[in-house]
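Visitor: sharing a sequence plus its predicted fold:
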Amino acid sequence: MLITGPSGLSFHARKWKIGDRRNLRDRNITKQGLLLKKMLEVVDEGIEDPGPYTFLEQGKPGVWNKISIPDILDSLIDIRISTKPILDYNESCAQCGAKIPLSIDLRDLIRAPMSDIGKGHLSSGIPIETILPCEDKNGDEAEAKVKVRFLLGEDMPKLTKYYQKDPALMEEAQQVLHMAEISVPWIPEPLKSVNAIWDFYKDQPWEFQSGLEDFVAKISGGVDTKVETDCPRCHMEQTSVIPFGVEFFYPQKSSSISSMGML
């Protein structure tokens with residue numbers, strides 16, 4: 001089958017096979033944050049159209065370390081749809097901890113194409129400049145010039161490390177890694193290191209984060225993996241994200257047949 005990402009990248013892929021499940025059991029793959037990339041590599045049968053990626057060659061496998069996460073997630077979802085479009089999993093309520101059974105039709109997820117600006121960024125590797133609202137050292141309203149980049153397959157292990165350290169850091173880490181540089185009038189030199197950018201980010205109001213999120217979503221396109229849920233116990237509304245774990249790649253099915261693993 002032909003899979004096409006939001007950037008225009010397209011490649012031929014097959015469905016996942018039973019033998020591919022061994023990757024789900026490889027603790028080194030999951031621990032290092034390589035599962036999504038690995039599960040694409042095993043079904044990749046060659047590039048059809050490299051899209052904005054100048055280093056890709058038609059007929060050869062994709063270099064998934066250097067491909068954007070929007071393209072990676074879109075591709076995984078399309079391959080999953082070809083296997084089974086309904087994703088069943090359990091979410092936990094952030095307030096009371098109750099289990100929330102969910103059944104998502106992946107075909108209904110909202111998608112958007114990547115902007116020409118985003119495609120140009122992937123071709124050139126040059127970050128995209130934007131202006132975001134912020135606060136200066138006195139707490140007054142100001143503006144920051146931010147150079148934004150897309151996250152790539154090679155960033156997934158970094159995000160996994162932050163998640164393993166503290167799941168609450170995952171969202172912050174994603175936002176911080178999107179920023180290659182921040183310039184503001186009251187700081188002499190542009191902030192370029194991850195730590196310096198993160199310190200600046202943590203000291204900013206909500207408008208800075210929402211501005212960054214909106215800008216990235218506008219230029220990157222891709223599939224919206226957010227899901228709105230209501231807790232059946234405490235009725236709290238929350239937003240979660242579709243999990244790309246074992247249940248995504250290997251849909252579970254209840255069975256009345258005994259096996260050695262069930263006894």
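Guide: Yep, it's here.
Visitor: and the helix or strand where residue 147 lies, what does it pack onto?
Guide: For residue 147, the element it lies in under DSSP states H and E is strand 141-148. The contact analysis (3 or more Cβ pairs under 8 Å, 6 or more residues apart in numbering; DSSP states H and E) places strand 141-148 against strand 128-135, strand 179-183, helix 206-220. Backbone N, C-alpha and C define where each C-beta goes, glycine included.
Visitor: need these in CSV (columns: distance to residue 7 and mean neighbour count).
Guide: Output for the helices and strands packed on strand 141-148, formatted as CSV (distance: least, Cβ to Cβ, whole Å; neighbours: other Cβ atoms under 10 Å):
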stretch, distance to residue 7, mean neighbour count
strand 128-135, 14, 17
strand 179-183, 19, 19
helix 206-220, 9, 16
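Visitor: how about the ones you listed, which one is nearest residue 109?
Guide: helix 206-220 (14.0 Å; Cβ to Cβ).
Visitor: burial count for the nearest residue to residue 92 once chain neighbours are set aside?
Guide: Leaving aside its chain neighbours, residue 92 sits nearest to residue 99 (6.3 Å; criterion: Cβ to Cβ, 6 or more residues apart in numbering). Residue 99 has 12 neighbours, counted by other Cβ atoms under 10 Å.
Visitor: is residue 109 in contact with residue 222, as I believe?
Guide: No - checked against Cβ atoms under 8 Å, the pair residue 109 and residue 222 is beyond contact range at 10.0 Å.
Visitor: does residue 175 sit in a helix, a strand or a coil?
Guide: helix (DSSP: H, G, I helix; E, B strand; the rest coil).
Visitor: that one and residue 211, how far apart?
Guide: Distance of residue 175 to residue 211, given as Cβ to Cβ, to the nearest Å: 11 Å.
Visitor: ok, and for the strand holding residue 147, which residues are buried?
Guide: Neighbour-count burial for strand 141-148 flags 142, 144, 146-148 (criterion: 16 or more other Cβ atoms under 10 Å).
Visitor: cool, stretch 103-123 as well?
Guide: Residues of stretch 103-123 classed as buried by neighbour count (16+ other Cβ under 10 Å): 106, 109, 114-115, 118-119, 121-122.
Visitor: now for the residues you listed: which two are most distant?
Guide: Those two in the buried residues of stretch 103-123 that are separated most widely, counting by Cβ to Cβ, are 106 and 121, at 27.2 Å.
Visitor: list the contacts for the closest residue to residue 241 other than its chain neighbours?
Guide: Spatially, and ignoring its direct neighbours in sequence, residue 241 is nearest to residue 225 (5.2 Å; Cβ to Cβ, 6+ apart). Counting by Cβ atoms under 8 Å, 6 or more residues apart in numbering, residue 225 touches 73, 109, 241-242.
Visitor: put the buried members of the residues you listed into a ChimeraX selection.
Guide: Buried members of the contacts of residue 225, defined by 16+ other Cβ under 10 Å, are picked up in ChimeraX with:
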select :73,109,242
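Visitor: which of the contacts of residue 225 sits closest to residue 155?
Guide: residue 73 (12.6 Å).
Visitor: helices of the protein, residue ranges please.
Guide: 22-25, 27-31, 35-41, 69-83, 116-124, 156-165, 169-177, 194-202, 206-220, 246-249 (DSSP state H).
Visitor: out of these, nearest to residue 14?
Guide: That would be helix 69-83 among the helices of the chain, by Cβ to Cβ, at 8.5 Å.
Visitor: next one: the closest one to chain centre, how far?
Guide: Put simply, helix 69-83 sits 11 Å off its chain's centre (Cα atoms, centre = their mean, to the nearest Å).
Visitor: now swap in stretch 148-165 and tell me
Guide: The answer for stretch 148-165 is 9 Å, by Cα atoms, centre = their mean.
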